[in-house]
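> Predicted coordinates and the sequence they were generated for:
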Amino acid sequence: MPGLHAFRFLLEKEFRQMMRNRLLPRVFIILPIVLTLVVPLVATQEISNLNFCAIDNDRSALSRRLIEKTAAADCFHLATLAADDDEAMAMIEAGRADVILEIPRGFAKDLQRNAQANISVRGNAVNGIKGTLGTNYLTQIAMAFAEELTAESGGTATARPGASINERYLFNATLDYKRYMIPALIGMLLILTVGFLPALNIVLEKEHGTIEQMNVTPVGKYPLIFAKLLPYWTVGIALIFYSLALVRLVYGFAPAGSVWHLLLIAVPFIAVMSAGGLIVSNYSDTTRQAALTMFFFLVIFILMSGLLTPVRSMPEWAQALSLANPLRYFVEAARMIFLKGSRLADLLPHFAALLAAGCLLGLWAVGSYRKR
């Protein structure tokens with residue numbers, strides 16, 4: 001068939017053009033390394049290396065022991081042992097301390113006679129998350145210290161009235177932030193490889209005039225568009241396996257669910273992103289226009305997808321708008337597969353939403369492409 005024969009040559013041309021580009025093969029190798037291995041370590045919400053300032057008004061063996069116990073914790077570092085509150089506040093204002101631990105006079109005596117020993121904990125809330133978690137961590141250390149002293153004195157820390165609480169963390173028992181971020185970053189990887197790069201490639205051919213030569217060929221616009229996008233689809237699928245292999249090799253964990261379920265969700269997401277990139281390229285005359293437009297939508301997708309902040313913490317109007325964000329559905333589904341090992345039935349709503357978006361944007365993309 002002449003059309004199939006021409007399509008084969010167009011497809012071969014696209015693959016050769018991709019591999020002859022000096023930058024793209026390097027991008028395909030380096031980008032997954034950066035997104036899956038570097039970004040989770042940098043863009044993390046885990047709080048560590050907190051500097052605390054201690055004010056020891058009691059100057060007893062027990063107060064020194066509490067300070068040493070706090071300094072020995074993995075997340076705390078003793079910045080200074082302040083003489084008074086003014087010195088401690090100066091450390092906070094200078095940004096050299098995050099939390100203040102103030103031990104009152106009579107601290108040791110109150111503990112020895114089983115009286116209430118009040119400890120003041122203050123956190124720098126310029127960074128709200130850091131201040132809140134810092135004070136919570138320090139409070140837990142102080143409570144553990146009190147229970148330790150109770151046990152040493154012959155009492156039992158659990159012999160007081162009240163409910164006994166046993167904490168258990170489901171789906172991510174180690175509270176490892178990387179397990180939460182990496183599934184979402186795979187979505188970012190697909191946006192860049194199957195959405196951003198094809199759009200820039202098509203617009204670049206507009207600038208060079210080669211797209212006009214392809215438009216005058218007897219090949220229809222559907223095979224022509226398919227030949228332009230198929231190489232990037234292939235690379236996108238390959239990069240998913242590449243990223244999973246990197247994560248398994250470096251971090252030692254794999255998706256709790258099926259990798260094929262992840263691919264099932266990735267296929268309509270790839271179609272959505274490719275269609276979006278094609279729409280941008282159809283309405284752009286220069287690579288600068290296409291890059292700025294894609295970057296504009298990329299920022300919106302990231303901020304309203306739940307990738308960095310939970311969707312439920314957004315205002316109601318933002319939650320409603322996020323329903324039109326395809327990245328939200330992929331991020332939620334990928335995290336369900338990675339962390340919960342969700343079954344196919346649990347993923348069907350996300351798959352249906354992505355499939356509907358893919359069909360809608362695909363019709364728009366093909367309809368807006370003019371083969372002259």
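In hand now; what should we look at?
> What is the helix or strand containing A227 packed up against?
According to DSSP states H and E, A227 maps onto helix 221-250. With contacts defined as 3 or more CB pairs under 8 Å, 6 or more residues apart in numbering; DSSP states H and E, the packing partners of helix 221-250 are helix 2-20, helix 24-33, helix 177-190, helix 197-208, helix 259-282, helix 344-368. (Each C-beta comes from the backbone N, C-alpha and C, glycine too.)
> And those, which one averages the lowest pLDDT?
Comparing mean pLDDT over the helices and strands packed on helix 221-250, the weakest stretch is helix 2-20, at a mean of 75.
> separation between K130 and T287?
40 Å (CB to CB, to the nearest Å).
> For the stretch 1-150 of the chain, which segments count as helices?
For the stretch 1-150 of the chain, the helices defined by DSSP state H, counting those that start in this stretch cover 2-20, 24-33, 39-42, 61-72, 85-93, 107-112, 128-152.
> looking at the ones you listed, which is closest to A238?
A238 lies closest to helix 24-33 among those, at 8.1 Å (CB to CB).
> Distance from the closest one to the middle of the chain?
19 Å (CA atoms, centre = their mean, to the nearest Å).
> And for stretch 341-361?
With CA atoms, centre = their mean as the basis, the mean position of stretch 341-361 lies at 21 Å from the chain mean.
> Can you give me the buried ones in it?
S342, L347, H350, F351, A353, L354, L355, A357, G358, L361 (16 or more other CB atoms under 10 Å).
> wait, isn't the second one in contact with P268?
No: if you go by CB atoms under 8 Å, L347 and P268 don't touch, sitting 11.1 Å apart.
> returning to that earlier point: can you check what angle separates the helix holding A227 from helix 259-282?
130 degrees (axes from the mean of the first three to the mean of the last three CA atoms, to 10 degrees).
> quick check: mean pLDDT across helix 221-250?
For helix 221-250, mean pLDDT rounds to 89.
> how many neighbours does the spatially closest residue to S305 that is not a sequence neighbour have?
Sequence neighbours aside, L327 is the residue nearest to S305 in space, at 4.0 Å (criterion: CB to CB, 6 or more residues apart in numbering). By the criterion of other CB atoms under 10 Å, L327 has 27 neighbours.
> Tell me who's in contact with L327.
For L327, the contact set (CB atoms under 8 Å, 6 or more residues apart in numbering) comprises G187, I191, F301, I302, S305, L307.
> can you redo these as TSV with distance to K221 and neighbour count?
TSV is the format used below for these (distance: CB to CB, whole Å; neighbours: other CB atoms under 10 Å):
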residue	distance to K221	neighbour count
G187	29	28
I191	24	26
F301	27	23
I302	32	18
S305	31	22
L307	34	21
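> ok, those vs I211, which is closest?
Lowest distance from I211 to the contacts of L327 (CB to CB) belongs to I191, with 23.1 Å.
> give me every residue that touches the closest one.
M273, L298, F301, L327.
> The third one should be in a helix, yeah?
Going back to what we said before, that points to F301. Yes: F301 sits within a helix when classified using DSSP: H, G, I helix; E, B strand; the rest coil.
> Test my guess that it contacts L321.
No: with contacts defined as CB under 8 Å, F301 does not count as touching L321, sitting 11.4 Å away.
> what separates the spatially closest residue to A88 that is not a sequence neighbour from A144, distance-wise?
Among residues not flanking A88 along the chain, A82 sits closest, at 4.1 Å (CB to CB, 6+ apart). In this view, A82 and A144 are 23 Å apart by CB to CB.
> Comparing the two, which residue is more hemmed in?
Using other CB under 10 Å, the more surrounded residue of A82 and A144 is A82, with 20 against 13.
> looking at it, the more buried one is touching A54, isn't it?
Yes: the pair A82 / A54 is scored as a contact, 6.8 Å apart, by CB under 8 Å.
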